[in-house]
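# Let's see this in three dimensions:
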Amino acid sequence: MAIFYIDGAFVPADQAVIPATDLAVLRGYGVFDLLRTYNGKPFKHNAHLTRLFRSAQRLGMPLPWTRETLHDLVLETLDRNDITNANVRIVVTGGSSTDFVTPQGKPRLLILVSPVPVYPDWWYEKGIKVITIASARSIPDAKSIDYIPATIALRKARQQGAEEVIYSDSQGRVLEGTTSNLFMFADGVLVTPGEGILSGITRQVVLEVARSIFEIEVRDIGLEALLRADEVFITGTSKGIVPVVQVDRSAIGTARPGPLTRELRARFDQFIAEYDENDDDADGAAMG
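Next up is the predicted model:
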C-alpha cells in the first residue's frame with residue numbers, strides 16, 4: 001500500500017485523512033502541483049515547486065514551508081514507496097476554518113504518490129479526438145484544486161468518444177485542455193497559446209526541445225485556425241506528447257499523427273533519456 005505524507009506524518013493511503021473543517025473540503029480552496037518520476041528520479045522537480053509557490057501566491061495563500069523542505073519531503077515520500085515511475089501530487093489545502101469560510105493561515109500539506117497512468121498505445125500511434133467547449137478557468141495561471149468544470153467537460157468528452165476537452169474563451173480563442181496544453185503546426189511553424197493558460201512544465205520542455213528545429217510562435221489561436229492546422233498535439237506531465245487527429249467533427253491534416261509531431265516526440269523522448277536532475281536547480285532559479 002502506498003505511503004502518503006499528510007499534514008506532518010507519513011501514513012498508509014487508507015489512513016490518509018484531513019478534518020471536515022478544512023477549506024479544501026468546504027470551499028475547494030487549495031492549490032496543487034503534479035510532477036512525475038522517470039526511473040525513480042523526479043523530473044523538473046524545482047520547476048514544479050516554483051509553480052506551486054506561484055499558484056499559492058495567486059490565491060493569497062502564504063506557504064509556511066521553504067522550497068528545500070518541500071523538496072526533501074517529496075524525496076522522502078518517494079523513498080517510502082516502491083514505484084519506479086510515479087506521479088507525485090503536492091497538495092496544499094486552505095486549512096481548517098472556524099467559520100467555515102475564512103482562512104486561518106494554517107494550510108495543510110499533502111504529498112500523494114501513485115503509479116504513472118499507462119495510456120493506450122493507440123493514443124500515440126493513431127492519435128486521439130478532442131472536443132472544444134466554451135469555458136475557461138477563473139484563475140488560469142494558478143493550479144487550484146477546483147476541477148469541477150474539468151470533470152463536467154470530460155464527461156461530455158467521453159459521451160462523444162473524445163479523450164480530452166480544449167477550452168475556448170468568449171473571443172473564440174482556443175486555450176488549453178482540462179489537464180493539458182495545446183500546440184499546432186501550421187506551415188511548419190509550431191504555435192501554442194501564451195495567454196489565459198496554465199503554462200505546463202511539459203509545455204516548457206517541448207518549447208525548449210523544439211527551439212533548435214522549428215520556428216515557434218507563442219500567440220492566440222482561433223478555433224478556425226486550429227481546425228485548419230496541419231498537425232495538432234497536446235502535452236501533459238503524465239501523458240507526454242499526444243497527437244490529436246480530430247477536433248470536434250473535423251479531421252486534422254491527414255487524420256493521422258504527422259511527421260513533425262513524430263519528430264518532436266522522438267526529440268522529447270531523447271531529452272528525457274539524457275535529462276540530468278542537477279539541471280533542475282537552474283530551472284527553479286529561472287522560474288522564480
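# The closest residue to residue 218 other than its chain neighbours: what's it in contact with?
Excluding its sequence neighbours, the residue lying closest to residue 218 (Cβ to Cβ, 6 or more residues apart in numbering) is residue 194, at 3.9 Å. Where C-beta positions appear, they are placed from N, C-alpha and C, glycine not excepted. Residue 194 makes contact with 218-220, according to Cβ atoms under 8 Å, 6 or more residues apart in numbering.
# now swap in residue 93 and tell me
Contact analysis of residue 93 by Cβ under 8 Å, 6+ apart lists 18, 22-24, 29-30, 107-108, 110, 145.
# and what of residue 19?
Taking Cβ under 8 Å, 6+ apart as the test, what residue 19 contacts is 25, 96.
# Phi and psi next, for it.
Backbone torsions of residue 19, given as degrees, to the nearest 10, read phi -60, psi 150.
# where's it relative to residue 142, distance?
Distance, residue 19 to residue 142, using Cβ to Cβ, to the nearest Å: 24 Å.
# Correct me if wrong, but the residue nearest to residue 218 is in a strand.
No: using DSSP: H, G, I helix; E, B strand; the rest coil, the assignment for residue 194 is coil, not a strand.
# Do you have the strands of the stretch 51-200 of the chain handy? List them.
Assigned by DSSP state E, counting those that start in this stretch, the strands in the stretch 51-200 of the chain fall at 86-93, 108-115, 128-134, 164-168, 173-177, 181-186, 189-192.
# would TSV of those strands with mean pLDDT and distance to residue 155 be doable?
Output for the strands of the stretch 51-200 of the chain, formatted as TSV (pLDDT from 0 to 100; distance: least, Cβ to Cβ, whole Å):
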stretch	mean pLDDT	distance to residue 155
strand 86-93	98	22
strand 108-115	98	22
strand 128-134	97	11
strand 164-168	97	10
strand 173-177	97	15
strand 181-186	98	20
strand 189-192	98	26
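# So for residue 249, which of those strands sits nearest?
Across the strands of the stretch 51-200 of the chain, residue 249 has its closest neighbour in strand 128-134 (9.1 Å, Cβ to Cβ).
# Could you report the neighbour count for residue 178?
21 (other Cβ atoms under 10 Å).
# what's it sitting at in phi/psi?
phi -60, psi -40.
# Would you confirm that it contacts residue 150?
Yes: using Cβ atoms under 8 Å, residue 178 is in contact with residue 150, at 3.7 Å.
# Find residues that contact each of those two.
Joint contacts of residue 178 and residue 150 (Cβ under 8 Å, 6+ apart) are residue 165.
# Can you name the residues that contact residue 219?
Counting by Cβ under 8 Å, 6+ apart, residue 219 makes contact with 191, 193-194.
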